[in-house]
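>>> Prediction below, plus the sequence it came from.
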2 protein chains.
Amino acid sequence: MQTIHIEPLIRQSFMEFGDIIQATAEVQSFLINQGNTRRYNDLATVVATGEDARPIISIFRGKPYALPLTLRLLERHPFGSQAFMPVEPARFLAIVAPDHHGIPGPPRAFLAHPGQGVNYFVNVWHGVLTPLDRETDFLVVDRAGEGENLEIYNLPEPYEVRE
Amino acid sequence: MQTIHIEPLIRQSFMEFGDIIQATAEVQSFLINQGNTRRYNDLATVVATGEDARPIISIFRGKPYALPLTLRLLERHPFGSQAFMPVEPARFLAIVAPDHHGIPGPPRAFLAHPGQGVNYFVNVWHGVLTPLDRETDFLVVDRAGEGENLEIYNLPEPYEVRE
């Protein structure tokens, strides 16, 4: 079984797959509300295309995974972005893969630390929700609408994901 | 100074102003990801209208307020909804008001407990971000685009908001 070693979730490595949602000094921010609120602005764009499409907000309650884990499938959403942000301080894995002629190329696994979320771009191959610490609730921004917005690819050979 | 007494954040009271974002047994949910994730689906719809409009995700870092607080202004966004969800367990106030001929009617204040977020409907009068416990980060889903998407109304007489 091939091994995927977990990488840190940093913009330079992740930018082909999605946005990192994080309030850091590196992103544009400004004060609002008479100086009582700092807005870290426009960290991710929500995309929802296709017939009767609308962006929706949901909560995903995910069971935790232990490492090393076995990666058996990837999925993607042709009609919308999909953002995940834990609503409590918690770590999770963002597993993604480039597309190679319609199927996933070599996957990569990124470790999101507390305070980090991700927004997968439209049609980017990614793994299922993978909290690491405990059962965790995530705020999810994705798409509702007509059409089949889920494509699943079962990997012919699973990968082992480890630190 | 007139007093506003804080109410619990429940659907029946809040439904004219916005959605409550919360994973409860009362909302539609289903299992995904081979049973490892429960999706509490479509808790809020994101609306972004007008020229070059797009829904965006930001983080607001808000300073806390002590109770009782003095409410001096309300604001609204004519071209988009605005969702707020704390990314850590924290309480906040959702202060809203019905519209009376273009200005706010009597405001109401709702207490959001940990696990609850809100999505203000388009053009609903609401107060500024009001965490109660400590400086708190919120995931915010609202709108970018052309046009003036902020209307502020300074109350001729402030209100006192208290438990």
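Yes, it's here. Computed from a predicted model, the values in this text were never measured in an experiment.
>>> Go ahead and flag the most central residue of chain A.
A:Val118 (4.3 Å; CA atoms, centre = their mean).
>>> what sits against that residue?
Each residue near A:Val118 by CB atoms under 8 Å, 6 or more residues apart in numbering or on different chains is listed here: A:9, A:14, A:18-21, A:83-84, A:94, A:110, A:112. Every residue, glycine included, has its C-beta placed from N, CA and C.
>>> Quick check: nearest residue in space to it, chain neighbours excluded?
Once flanking residues are discounted, A:Val118 sits nearest to A:Ala94: 4.7 Å by CB to CB, 6 or more residues apart in numbering or on different chains.
>>> Surely that neighbour forms part of a helix?
No: counting by DSSP: H, G, I helix; E, B strand; the rest coil, A:Ala94 is located in no helix; its state is strand.
>>> Test my guess that it contacts A:Ile10.
No: using CB atoms under 8 Å, A:Ala94 is not in contact with A:Ile10; the gap is 11.5 Å.
>>> higher neighbour count, these two?
A:Ala94 (25 against 11; other CB atoms under 10 Å in any protein chain shown).
>>> what about the more buried one, distance to chain B?
A:Ala94 sits 14 Å away from chain B when distances are taken as CB to the nearest CB, to the nearest Å.
>>> mind listing the helices for chain A?
A:11-14 (DSSP state H).
>>> Run through chain A and note the low-pLDDT ranges.
Along chain A, the model assigns pLDDT under 70 to no residue.
>>> So A:Ile152 versus A:Glu16, what's the distance?
Going from A:Ile152 to A:Glu16 by CB to CB, to the nearest Å gives 21 Å.
>>> An error on my part: the question was meant for A:Ile57.
Taking CB to CB, one finds A:Ile57 at 26 Å from A:Glu16.
>>> What's the separation between the residue nearest to A:Ile95 when sequence neighbours are not counted and A:Tyr65?
Of all residues not flanking A:Ile95 in the chain, A:Gly127 sits nearest, at 3.3 Å (CB to CB, 6+ apart). Per CB to CB, A:Gly127 is found 10 Å from A:Tyr65.
>>> Mind checking which of these two has more residues around it?
Neighbours per residue (other CB under 10 Å) separate A:Gly127 from A:Tyr65, with A:Gly127 holding more: 23 against 19.
>>> and that one, what does it touch?
With CB under 8 Å, 6+ apart, A:Gly127 has these contacts: A:71, A:73-75, A:93-96, A:107, A:109.
>>> what's the answer for A:Phe138, then?
Counted by CB under 8 Å, 6+ apart, A:Phe138 has contacts A:59-62, A:84-87, A:92, A:117, A:129, A:131.
>>> Hmm, A:Pro158 and A:Pro68 touching each other?
No: counting by CB under 8 Å, A:Pro68 does not reach A:Pro158; the two are 11.2 Å apart.
>>> Who are the contact partners of the spatially closest residue to A:Glu151 that is not a sequence neighbour?
What sits nearest to A:Glu151 in space, not counting adjacent residues and going by CB to CB, 6+ apart, is A:Arg76, at 5.2 Å. Listed by CB under 8 Å, 6+ apart, the contact set of A:Arg76 reads A:99, A:123-126, A:150-151, A:153.
>>> what's the neighbour count on the closest residue to A:Gln22 other than its chain neighbours?
Counting by CB to CB, 6+ apart, the nearest residue to A:Gln22 once its immediate chain neighbours are dropped is A:Gln116, at 4.9 Å. Residues near A:Gln116, counting by other CB under 10 Å, number 23.
>>> Phi and psi next, for A:Gln116.
Backbone torsions of A:Gln116, given as degrees, to the nearest 10, read phi -110, psi 140.
>>> Pretty sure A:Asp19 is one of the things it touches, is it not?
No: with contact defined as CB under 8 Å, A:Gln116 does not count as touching A:Asp19 (10.8 Å).
>>> what packs against the longest strand belonging to chain A?
Longest strand in chain A by number of residues (criterion: DSSP state E): strand A:151-162. Counting contacts by 3 or more CB pairs under 8 Å, 6 or more residues apart in numbering or on different chains; DSSP states H and E, strand A:151-162 packs against strand A:2-5, strand A:69-76, strand A:103-104.
>>> So what touches the shortest one?
What it means is strand A:103-104. Here strand A:103-104 has contacts from A:74, A:97-98, A:125, A:153, A:155, using CB under 8 Å, 6+ apart.
>>> Give me the buried positions along stretch A:122-130.
Within stretch A:122-130, the residues that qualify as buried are A:122, A:124-130, counting by 16 or more other CB atoms under 10 Å in any protein chain shown.
>>> picking up where we left off before, any shared contact partners between A:Gly127 and A:Tyr65?
With CB under 8 Å, 6+ apart as the test, A:Gly127 and A:Tyr65 both reach A:Leu93.
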